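Participant: Pasted the sequence and its predicted model underneath.
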Amino acid sequence: MVKLLYGLVITTLVLISTLAYSDDKIIVDLILPVKNNTLDVLSKKITDNPYFTVHSYINTLPEDDSKGDILIIVSDKLLSLLSDNSYKAKFALYVNSLTYRKKEPEHTAALFSDQPLFRQVSLIEAIFNGKPIQLGIAYQNISYEKILDELSNTFPSMKINIKKIDNINIIRSINKVIQKNDVLLSTAEKNIYNSETIRPILLSSYRHQTLVIGPTEGFVNAGALGTILSTPDQYILDIIEMVNQYIENKTLPPSQYPSNFTVKINYNVAESLGLNLPTEEELRILIPNRRLE
């Protein structure tokens, strides 16, 4: 009987302690750009974590008396909300690295929507199995110049030809790069590679038998050969880890690219170009998994 009572007391104390901990959880305000099924699933999966409590809102911050401790905004459309300084820490989920770095909001860490060029070039190396090729990259943002120099040193089997272009005759400039190279690597610059330019770029690439590695899955679906992407679940695991790291250490993690990724290949395009490629998973294994910021 005494042992039973002792066990009940211990169980009660543990339960009380657990409830107290639950009540003291950090509150995270998650701001979504719109309400739809995809974002609802994302919100639920972020909410189902053991580290913090999530309150979700659509396209706007809560009133001052309802604000939580930490802010997460989702997509470039909500970057302006990061100017609010009433939060202890702020996170930007699924934002373009170039767009985010133009602003660099204070007390904020970002998980980027695009992939680092290192991974995309690693995919090209895996596709060609180390054979010497000419790789063309057309860009505008000068931040790419240092990265492109590093890529040339990292991938000696490739001759990397870079071309800085302006806003005049973008398609014509990219066509010249396509004509002179075996592969065109598209960057994450939305002013160059977007829904309006994708069709003429791909038509030119077919005409000159030049492979295109796209910046997004949408490019691959439209006819580019392949790309690197991260799944929603991979993004969710990373953002939960980043927020929890802040909660534990009171220090913001660095802004970063997703830590895990997958390969997407358009095998119909590969067949039309006479390429017999390994599976997406086999290609994925060939790409180094480096933590990149």
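Facilitator: On my side now, so go ahead.

Participant: Stretch 243-252: which residues count as buried?
Facilitator: Val243, Asn244, Tyr246, Ile247, Leu252 (16 or more other CB atoms under 10 Å). Placement of C-beta: from N, CA and C, glycine included.

Participant: Between all of these, which two are separated the most?
Facilitator: Asn244 and Leu252 (12.2 Å; CB to CB).

Participant: possible to save the buried residues of stretch 243-252 as JSON lines with pLDDT and distance to Thr231?
Facilitator: Below are those laid out as JSON lines (pLDDT from 0 to 100; distance: CB to CB, whole Å):
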{"residue": "Val243", "pLDDT": "98", "distance to Thr231": "19"}
{"residue": "Asn244", "pLDDT": "97", "distance to Thr231": "20"}
{"residue": "Tyr246", "pLDDT": "97", "distance to Thr231": "23"}
{"residue": "Ile247", "pLDDT": "97", "distance to Thr231": "25"}
{"residue": "Leu252", "pLDDT": "97", "distance to Thr231": "25"}
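
Participant: between the residues you listed, which is closest to Asn141?
Facilitator: Leu252 (24.3 Å).

Participant: Give me the spatial nearest neighbour of that closest one, chain neighbours excluded.
Facilitator: Ala109 (4.7 Å; CB to CB, 6 or more residues apart in numbering).

Participant: residues touching the one you found, list them.
Facilitator: The contact partners of Ala109, taken as CB atoms under 8 Å, 6 or more residues apart in numbering, are Ala89, Lys90, Phe91, Ala92, Met242, Tyr246, Leu252, Pro253, Pro254, Ser255, Gln256.

Participant: any idea how far the one helix or strand it maps to is from the chain center?
Facilitator: Taking DSSP states H and E as the definition, Ala109 sits inside strand 108-112. How far strand 108-112 lies from its chain's middle: 10 Å, per CA atoms, centre = their mean, to the nearest Å.

Participant: what's the answer for stretch 86-97, then?
Facilitator: Distance of stretch 86-97 from its chain centroid, counting by CA atoms, centre = their mean, is 13 Å.
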